[in-house]
Structures are given as C-alpha cells and as structure tokens.
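*Asks:* Please find the sequence and the predicted model below.
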Amino acid sequence: MTNNSTLPISELETKIIRLGEVKRNLEGELTKLKIELSTVYQLNNELNNQVSALSEELNELKATQLLRENGQQNMAISTKQRINELVKEIDDCLLLLNR
C-alpha cells in the first residue's frame, strides 16, 4: 500500500511543478503584455498630441484662408467703388466738355 500511496503524491508533485512552470510562463507573458500595453499607451499619447497639433494647424489655415478671402472680397468691393468713382468723374468731365 505504501507504493500506491506514494504514487499519487509523486503525481501531485509533478503536477505542482508543472503548475509552477505554467505560472512562471504566464507571469513572463503578463510582463511582456504590460510592456506592450505601456508602449501602446505612449504611442496613443503621441498620436493624440499629433492630432491636436494638426487640428490647431488646420484651424489656423482655415482662419488664414478666411482672412484672405475676406481681404479679396474687400479688395473687390474697394475696386468696384473706385471704378464707380472714376466713372462718375468721367461722366462729370464729359458733361463739362459738352457745355
């Protein structure tokens, strides 16, 4: 009977050793995954910073374009006003010449 009773103990010892190995392997994998997760978080933060910077740049470009378009519209209005003034002056001159 002692032979039979030692057999389950040796099997238990073998299983405990295997479980210890599995635990160490899983701990190693967990450490690797934590490092990978940290790297992913860092990359995510960098990408978020890039997105923020690009959004700011886009807003600045939109504002610049809007100012440019407004400037062109103002220039067009000013040009039309100046042309109208010149046409009025020409009309006045023609009236004076026709007298």
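*Replies:* Sure, I can see it.
*Asks:* Distance-wise, check Val22 relative to Ile35.
*Replies:* Distance, Val22 to Ile35, by C-beta to C-beta, to the nearest Å: 21 Å. Just so you know, the C-beta spots here come from the backbone N, C-alpha and C atoms, and that holds for glycine as well.
*Asks:* try Ile83
*Replies:* For Ile83 relative to Ile35 (C-beta to C-beta), the value is 71 Å.
*Asks:* Lys23 now?
*Replies:* 19 Å.
*Asks:* before we move on, what about Asn98?
*Replies:* Look at Asn98 and Ile35: by C-beta to C-beta, they are 93 Å apart.
*Asks:* between the two, who's got more neighbours?
*Replies:* Taking neighbours as other C-beta atoms under 10 Å, Asn98 and Ile35 compare with Ile35 leading, 10 against 6.
*Asks:* pLDDT averaged over the strand or helix carrying that one - what is it?
*Replies:* Assigned by DSSP states H and E, Ile35 falls within helix 2-98. Confidence for helix 2-98, expressed as mean pLDDT, is 91.
*Asks:* For that helix, what is the distance to the chain centroid?
*Replies:* Averaging C-alpha positions (C-alpha atoms, centre = their mean, to the nearest Å) puts helix 2-98 0 Å from its chain's average.
*Asks:* tell me what that helix is packed against?
*Replies:* For helix 2-98, there is no helix or strand it packs on, judged by 3 or more C-beta pairs under 8 Å, 6 or more residues apart in numbering; DSSP states H and E.
*Asks:* what number of residues lie near Glu57?
*Replies:* Glu57, neighbours per other C-beta under 10 Å, totals 10.
*Asks:* what about it, distance to Lys32?
*Replies:* From Glu57 to Lys32 the distance is 37 Å (C-beta to C-beta).
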